[in-house]
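Peer 1: coords please:
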Amino acid sequence: MTEHKYDLDRRYQFEATADSACPVDHGTKVAIWMTGKCVVMHTCQVDENLSWQTNGGATITHFLVTSYPPEKHKAWVNVYSNSDMRPNYSKERADQCANDKRRACIKIEWTEGEGL
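Peer 2: Next up, the predicted model:
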């Protein structure tokens, strides 16, 4: 499980820097507080190097992480003719654990909460 820098549902003060970059990773959903405006919901985008500067003179003062994107996982499964399958965390580990009866080694990827 990934360790995140910010706790969910805890408000953090936004420390503006020269580039005012978004402090969280892409796919993270946040609530943003701005001076003179109400809270805005935002999802950080993949290529966004988000500059948290707004038009109209509003300044971002705080943010709160409402959810992180689901984690992606992968495993390699050794497949044998007797229907025995054994998952491993890496291809190298799958190769080390395999015996001469292995028929295939299949890479499986999934996103948490979505199934295969």
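Peer 1: OK, contacts around the residue nearest the centre of the chain?
Peer 2: Among the residues of the chain, P69 comes closest to the average C-alpha position under Cα atoms, centre = their mean, at 4.5 Å. Contact analysis of P69 by Cβ atoms under 8 Å, 6 or more residues apart in numbering lists 25-28. From N, CA and C alone the C-beta is placed, and that goes for glycine too.
Peer 1: which of the residues you listed are buried?
Peer 2: T28 (16 or more other Cβ atoms under 10 Å).
Peer 1: so, low pLDDT: which residues of the protein?
Peer 2: Residue ranges of the chain with pLDDT under 70: 1-2, 16-21, 36, 38, 45-58, 116.
Peer 1: which segments of it make up each domain?
Peer 2: The domain map for the chain lists 11-67, 72-111, with the assignment taken from automatic domain parsing.
Peer 1: three-state assignment of A94?
Peer 2: A94 falls in the helix class when you classify it by DSSP: H, G, I helix; E, B strand; the rest coil.
Peer 1: give me every residue that touches it.
Peer 2: 76-78, 86, 88, 105.
Peer 1: what do you get for A75?
Peer 2: Counting by Cβ under 8 Å, 6+ apart, A75 has contacts 87-89, 107-108.
Peer 1: let's have these in TSV, adding distance to T43 and secondary structure.
Peer 2: Output for the contacts of A75, formatted as TSV (distance: Cβ to Cβ, whole Å; DSSP: H, G, I helix; E, B strand; the rest coil):
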residue	distance to T43	secondary structure
P87	32	strand
N88	34	strand
Y89	30	coil
K107	29	strand
I108	27	strand
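Peer 1: pretty sure the residue nearest to the centre of the chain is in a helix, no?
Peer 2: No. Counting by three-state DSSP, P69 is not part of a helix but coil.
Peer 1: much appreciated, bye for now.
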